[in-house]
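Trainee: missing the sequence, but the structure's below:
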């Protein structure tokens, strides 16, 4: 792809001429720096470390002694607190047993969980450049020359997860608890193996600065956990310091910055520099990394976090990532006396409050937009739809009961990132009832909820001010949870470059609980571009009102205005709190006639059946049901086998109910009725049809 083509694609959306000019100059400078970096990498010896005085004059033994005995800088409290072992065993016994078992598998079998693919075995000798899916071994070439998309089933995201070395934290935590030197020996062996196979600046594992930053942060954490092990010789400590220096230098030279738009990549880059600058002040560039990373992190928070607290990429998955980066960095700065202005703490708090509202009653999160299951400092591996562990950390950090839900338990992350006292503080915080309905107009997320009833109405754009790469064609889609069970869901992400057809299916209009017109996408997509999506829909919120007895939200989008028979899709959701049900109205405004498909995407594990003009999703384990009844269409829906992914790489078959019609019916309506295990289905349906004054033909007998 030519530079001009890349620039045109990146500049989609509104771009000021001055911004375009700056970006053109930046790309020219990057091109010129390529040759200079290649020359520099050829000159760098494998163990060259740039230390400031007096550390540059120390022997390996003196430097090792310094790192073993230093008391500053401070990492997260539990990493150095002798009480951590006792509290871990007492407060988290089952998690501790899993931790030790996992560490033994890593050390003995080279086997551990990788994203949603389950446990993977990496062989007697780990090949750090071998793709775990396709087996392809990426060559050792200059990092910018690596070809990521190969159309052979390989997926750089999966390989990078292996090379983030998050499993080293599992080894390190297990070492703290069990004091088993097998774990420390394996840590050093794998670090040396990785370094041997990935020379500085060469190959796929140096290609992306974000990945280098996340690996550097995980290595910092592992170093803290193993720092007092007798296995760490002066030579191995110096090797680790060199590796960290190389990571910082590489990030600084290869920042993923653009005048057009920055994203979670650049945010991670600068946070990585901040952490390296704080935790390895002995390095000659550490002060510059710390200052640059700190100020850029705060500047990016202003750019990337919307006024209502949501990340601007139209993705709850990447919102979790940005919350982790921000929250953990703020705690690290606090530990080291680095002051952060109150307005940024307030912004972080709003990010956590947004999360508190969108997390469902069962504690899981809706997967709006992309989610690659990425975590920062994975103390414990969490699936893509698990966000609640961050709320416990936030509740203590802000002394905020609102962030502590009823029956919430402290997360193990709270112990390791905030210390033993934080667990005690969490227990004293009063718990709160589930939040009420709330609209987040900047995010385009509208939460209609009461007690155990939850509906998420999505009016988000494609993200990054129309230049999004992680948004889906999910405008006006809904998610529904009731009776302790999620019924209607967003399908998730499943895959990126490893399976392009699946990638596009999971982000398509037809995979979301919204309307598809004439078989077209709401926003245009390119079959060869997995991270490009158009901005035609331009969703607009028309109404939001919440009262004691009911809530109502109305929005429309213009994604089908480009068709030969233009159509505007408008959807209204009305929530009757007393009768515990929702009315959904779809309007299609246009002059011609179009074919319309309206779908409801049900979660995996549900038994889905049709009965006349209704579809019934039944959770056979709990006995609860969700009934979706067509009010204005006297036709039985079609059941389609699609798929749902709760974690990157995981895929489960699920059922979608689809009604096909034309827009000559100016409005079609749906009644959504949850039926808990102890309720009569007929009584619930009759109660709701009466509440919304629906035609008598929808009244049902007790034999329904």
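Mentor: That came in fine, so what should we check first? Computed from a prediction, not measured in an experiment: that's the story for all the values here.
Trainee: what's the span of stretch 330-340, first residue to last?
Mentor: End-to-end distance for stretch 330-340: 8 Å, by C-alpha to C-alpha, to the nearest Å.
Trainee: tell me the mean pLDDT over that stretch?
Mentor: On average, the pLDDT along stretch 330-340 is 97.
Trainee: What's the per-residue pLDDT of the residue nearest to residue 374 when sequence neighbours are not counted here?
Mentor: Nearest residue to residue 374, sequence neighbours excluded (C-beta to C-beta, 6 or more residues apart in numbering): residue 321, at 5.5 Å. C-beta: built from backbone N, CA, C; applies to glycine. pLDDT, residue 321: 98.
Trainee: residues touching residue 321, list them.
Mentor: By C-beta atoms under 8 Å, 6 or more residues apart in numbering, residue 321 lies in contact with 264, 268, 374, 375, 376.
Trainee: And the contacts of stretch 642-651?
Mentor: 114-117, 157-158, 367, 371-373, 383-385, 489, 491-495, 502, 505-506, 511, 601, 603-604, 652-656.
Trainee: chain center to that stretch, what's the gap?
Mentor: Chain-centre distance of stretch 642-651: 14 Å, with C-alpha atoms, centre = their mean, to the nearest Å.
Trainee: tell me the mean pLDDT over it?
Mentor: Average pLDDT, stretch 642-651: 98.
Trainee: Over to stretch 149-165?
Mentor: Throughout stretch 149-165, pLDDT has a mean value of 95.
Trainee: begin at 9 from here
Mentor: In the new count, where the first residue is 9, that last one comes out as stretch 157-173.
Trainee: Only the buried residues of that stretch, if you could.
Mentor: Residues of stretch 157-173 classed as buried under the neighbour-count rule (16 or more other C-beta atoms under 10 Å) are 162, 163, 164, 165, 166, 167, 168, 169, 170, 171, 172, 173.
Trainee: For that stretch, what is the distance to the chain centroid?
Mentor: With C-alpha atoms, centre = their mean, you get 17 Å for stretch 157-173.
Trainee: Can you measure across it, start residue to end residue?
Mentor: First-to-last residue span, stretch 157-173, C-alpha to C-alpha: 23 Å.
Trainee: What of stretch 151-167?
Mentor: This stretch, stretch 151-167, spans 15 Å end to end (C-alpha to C-alpha).
Trainee: Can you give the contact residues for that stretch?
Mentor: 42, 122-123, 125, 137-142, 144, 146-147, 209-216, 262, 380, 503-508, 538, 656-657.
Trainee: Of those, select the buried ones using a ChimeraX command.
Mentor: Applying 16+ other C-beta under 10 Å to these, the buried members can be selected in ChimeraX as follows:
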select :122,123,137,138,139,140,141,146,209,210,211,212,213,214,215,216,262,380,503,504,505,506,507,508,538,656,657
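Trainee: mind listing what's buried in the lengthiest helix in the chain?
Mentor: Using DSSP state H to define each element, the chain has its longest helix at helix 25-51. For helix 25-51, a neighbour-count test (16+ other C-beta under 10 Å) marks 31, 35, 45, 49 as buried.
Trainee: Surely residue 534 touches residue 540?
Mentor: Yes: here residue 534 reaches residue 540: they are 5.3 Å apart, a contact under C-beta atoms under 8 Å.
Trainee: Of those two, which one has the most company?
Mentor: residue 540 (16 against 12; other C-beta atoms under 10 Å).
Trainee: Isn't the more buried one up against residue 533?
Mentor: Yes: the pair residue 540 / residue 533 is scored as a contact, 7.2 Å apart, by C-beta under 8 Å.
Trainee: returning to that earlier point: give me the buried entries from the contacts of stretch 650-659.
Mentor: Here, 16+ other C-beta under 10 Å leaves 122-124, 165-166, 375, 379-381, 391-393, 497, 499-503, 510, 513-514, 519, 609, 611-612, 662-664 buried among the contacts of stretch 650-659.
Trainee: pull the longest strand from this structure.
Mentor: strand 660-670 (DSSP state E).
Trainee: helices or strands up against the helix or strand following it?
Mentor: Per DSSP states H and E, the first helix or strand lying C-terminal to strand 660-670 is strand 675-683. Under the contact definition 3 or more C-beta pairs under 8 Å, 6 or more residues apart in numbering; DSSP states H and E, strand 675-683 sits against strand 486-490, strand 589-597, strand 633-638, helix 689-699.
Trainee: could you redo those as a markdown table and give each row distance to residue 466 and mean pLDDT?
Mentor: Shown next, in a markdown table, are the helices and strands packed on strand 675-683 (distance: least, C-beta to C-beta, whole Å; pLDDT from 0 to 100):
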| stretch | distance to residue 466 | mean pLDDT |
| --- | --- | --- |
| strand 486-490 | 7 | 98 |
| strand 589-597 | 13 | 96 |
| strand 633-638 | 17 | 97 |
| helix 689-699 | 23 | 92 |
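Trainee: Quick test: name the residue nearest the centre of this protein.
Mentor: Per C-alpha atoms, centre = their mean, the C-alpha nearest to the average position across the chain is that of residue 325, at 2.2 Å.
Trainee: Please, which helix or strand holds residue 93?
Mentor: Assigned by DSSP H and E, residue 93 falls within helix 91-99.
Trainee: Where do the domain boundaries of the chain fall?
Mentor: Domain assignment of the chain by automatic domain parsing yields the ranges 50-312, 319-443, 454-706.
Trainee: burial of residue 119, as a residue count?
Mentor: Neighbour count for residue 119, taken as other C-beta under 10 Å: 17.
Trainee: Can you pull the phi/psi pair for it?
Mentor: The phi and psi values for residue 119, taken as degrees, to the nearest 10, are phi -130, psi 130.
Trainee: my read: it touches residue 126, true?
Mentor: No: contact criterion C-beta under 8 Å: residue 119 and residue 126 do not qualify, at 10.4 Å.
Trainee: so who does the nearest residue to residue 684 once chain neighbours are set aside touch?
Mentor: Take residue 684 and drop its neighbours on the chain: the residue closest to it by C-beta to C-beta, 6+ apart is residue 491, 4.1 Å away. Counting by C-beta under 8 Å, 6+ apart, residue 491 touches 460, 627, 630, 632, 682, 683, 684, 685.
Trainee: Can you convert these into a markdown table and add a column each for neighbour count and distance to residue 313?
Mentor: Converted to a markdown table, these look like this (neighbours: other C-beta atoms under 10 Å; distance: C-beta to C-beta, whole Å):
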| residue | neighbour count | distance to residue 313 |
| --- | --- | --- |
| 460 | 18 | 30 |
| 627 | 19 | 36 |
| 630 | 12 | 37 |
| 632 | 22 | 36 |
| 682 | 24 | 34 |
| 683 | 23 | 39 |
| 684 | 16 | 37 |
| 685 | 12 | 41 |
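Trainee: my read: residue 241 touches residue 69, true?
Mentor: No: taking C-beta under 8 Å as the definition, residue 241 is not a contact partner of residue 69, at 9.5 Å.
Trainee: Which helix or strand contains residue 403?
Mentor: Assessed by DSSP H and E, residue 403 sits inside helix 396-405.
Trainee: now for that helix, which elements pack on it?
Mentor: Helices and strands touching helix 396-405, as assessed by 3+ C-beta pairs under 8 Å, 6+ apart, comprise helix 324-343, helix 350-366, helix 420-426, helix 428-436.
Trainee: In the second one, which of the residues would be classed as buried?
Mentor: Using 16+ other C-beta under 10 Å as the burial criterion, the residues of helix 350-366 that qualify are 352, 355-366.
Trainee: That helix vs helix 396-405, what angle?
Mentor: Helix 350-366 and helix 396-405 are oriented at 140 degrees to each other (axes from the mean of the first three to the mean of the last three C-alpha atoms, to 10 degrees).
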